[in-house]
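>>> 3D, please:
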Amino acid sequence: MSNEIIILGNFGNSDNSALQKDFQSQEILNVANKKYKNLKIGIVNNQEDFQQIVEKCKDAKVIIAQGKYDLLTDLCSQLKALKLVQTISAGTEWIDKPQLKEMGIKVSNNGGANAVAVAEHAIGLMFAVNRKLDIQIDSAKNGTWMDGVEGDREEFQTLVGKTVGIIGLGRIGSRVAKRLYGWECKIIYHDTQVFDENYEKECNAKKVSLVELLENSDVITLHVPYDRLTRHLISQEELDLMKKSAILINTCRGGVVDENALIKTLESKKIRAAGLDVTEVEPIEENNPLLKLSNVILTPHLATRAKQSEVNAMHNVLANASRVIENKEPEWVVEPV
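Below you'll find the predicted structure:
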């Protein structure tokens, strides 16, 4: 029996032991067995010989890409029935979408499955930076108690009353806005997309220019996709417009910020601090100055890490795959930019 849907991922050794331990693949199969029993799903290890992969995927209409695969474009060119490449993640920047579009193949992401988790993480970084929670935790664990918590009292701030500038008011940015409104924050946003008045009211957010947002925000939080238009969206020019007391939060992609410019700005304390879940090179390099700056809090690109996000993603991925098998149009299609 041929498989119409292929989960393609790096499962290490070709035996089943690595696969059995792979949470995402098993969760997809669990959801499929409960809700999509009619779907014919196969699992292919992308570490196998390329021709073997082609053979195993030859009848696939949907490939569920679990992580980056360098030969994806070459593989897709060999699959005549393929209609959709579906990612489990929100990011699709590693996929050659223009080439796939020429082949008549669409690319979809996970439909905002991890939006709540990322929004919560961004807000968590705001709290952590404003209250220097990393230093407080280290001091308590090291036995130095209050004596180990350095810094002027003005460096410790609440979120109440702050102006929060959200760049990108989509699935994640809108959730950040709605939650922070409850903390009596003033919400402004900038987005190239045009939202209707009701959407803005739901988010309690006012649209402003990028310059106005940068000049007036106490907290700036980034929630945009990474593509050629958003690469280094925040460069030295934008950083120079920010308040000296401002903090920058980035939970989208490291390349959205010019990291060298950010390091220079933080070292000279032209802005107060940054909370980063992402960096331009990941894993972060040992000699990266960000690791030694006291006005930076870093997390290892795990803003999405929550059980609920994983489950939501599996449901969305399979629902979209099912649409394609039923000859319907997929949702959450990411167009080439």
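>>> just the helices in the stretch 1-150 of the chain please.
Applying DSSP state H, counting those that start in this stretch to the stretch 1-150 of the chain gives helices spanning 16-21, 23-35, 50-57, 72-77, 97-102, 115-131, 133-142.
>>> Return the most buried member of these.
For the helices of the stretch 1-150 of the chain, the largest average neighbour count (mean count of other Cβ atoms under 10 Å) is found in helix 115-131, namely a mean of 21. All C-beta atoms are positioned from the backbone trio N, CA, C, and that covers glycine.
>>> List of residues touching that one?
Contacts to helix 115-131, defined as Cβ atoms under 8 Å, 6 or more residues apart in numbering, come from residues 90, 133-134, 156-159, 164, 171-173, 175-176, 179-180, 219, 221, 223, 247, 249, 251, 273-277, 297, 299, 302-306, 308-309.
>>> again, 6 Å this time
Helix 115-131 has contacts (Cβ atoms under 6 Å, 6 or more residues apart in numbering) with 156-157, 171-172, 175-176, 219, 221, 247, 249, 251, 273, 275, 297, 303-304, 306, 309.
>>> Over to stretch 266-286?
Residues contacting stretch 266-286 (Cβ under 6 Å, 6+ apart): 125, 129, 242, 245-251, 253-255, 259, 265, 293, 295-299, 301, 303.
>>> Next step: the contacts of helix 115-131 restricted to helices.
Among the contacts of helix 115-131, DSSP state H puts 171, 172, 175, 176, 309 in helices.
>>> was I right about the second one contacting residue 222?
Spelled out, that is residue 172. No: judged on Cβ atoms under 6 Å, residue 172 makes no contact with residue 222 at a distance of 9.7 Å.
>>> More neighbours: the two, which one.
Between residue 172 and residue 222, counted using other Cβ atoms under 10 Å, the more crowded position is residue 172 (28 against 24).
>>> Wait, a strand at residue 291?
No: applying DSSP: H, G, I helix; E, B strand; the rest coil, one finds residue 291 to be helix, outside a strand.
>>> roughly how far apart are it and residue 282?
According to Cβ to Cβ, to the nearest Å, residue 291 stands 13 Å off from residue 282.
>>> do residue 107 as well
Per Cβ to Cβ, residue 107 is found 22 Å from residue 282.
>>> Then residue 216?
Going from residue 216 to residue 282 by Cβ to Cβ gives 31 Å.
>>> same deal with residue 328?
Distance of residue 328 to residue 282, computed by Cβ to Cβ: 36 Å.
>>> Could you do residue 95 as well?
Taking Cβ to Cβ, one finds residue 95 at 17 Å from residue 282.
>>> Next: residue 44.
Distance from residue 44 to residue 282, by Cβ to Cβ: 25 Å.
>>> Among these two, which residue is more densely surrounded?
Higher neighbour count among residue 44 and residue 282: residue 44, with 21 against 11, using other Cβ under 10 Å.
>>> Return the residues in contact with that one.
Residue 44 touches 6, 8, 53, 56, counting by Cβ under 6 Å, 6+ apart.
>>> just residue 318 next, same as before
Per Cβ under 6 Å, 6+ apart, neighbours of residue 318: 31, 32, 36.
>>> Name the nearest of the residues you listed relative to residue 140.
Using Cβ to Cβ, residue 31 comes nearest to residue 140 of these, at 41.1 Å.
>>> rewinding a little: show me how to select, in ChimeraX, the buried members of the ones in helices among the contacts of helix 115-131.
Filtering these down to the buried ones (16 or more other Cβ atoms under 10 Å) takes a single ChimeraX command:
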select :171,172,175,176,309
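>>> now for the ones in helices among the contacts of helix 115-131, which pair is the farthest apart?
Based on Cβ to Cβ, the longest span within these runs between 176 and 309 and measures 15.5 Å.
>>> Quick check: closest non-adjacent residue to residue 249.
Excluding the flanking residues, the one nearest residue 249 by Cβ to Cβ, 6 or more residues apart in numbering is residue 221, at 4.1 Å.
>>> Any idea what the one you found is bridged to?
Taking DSSP bridges as the rule, residue 221 bridges to residue 166, residue 249.
>>> okay, now it: neighbour count?
The number of residues near residue 221, taken as other Cβ under 10 Å, comes to 28.
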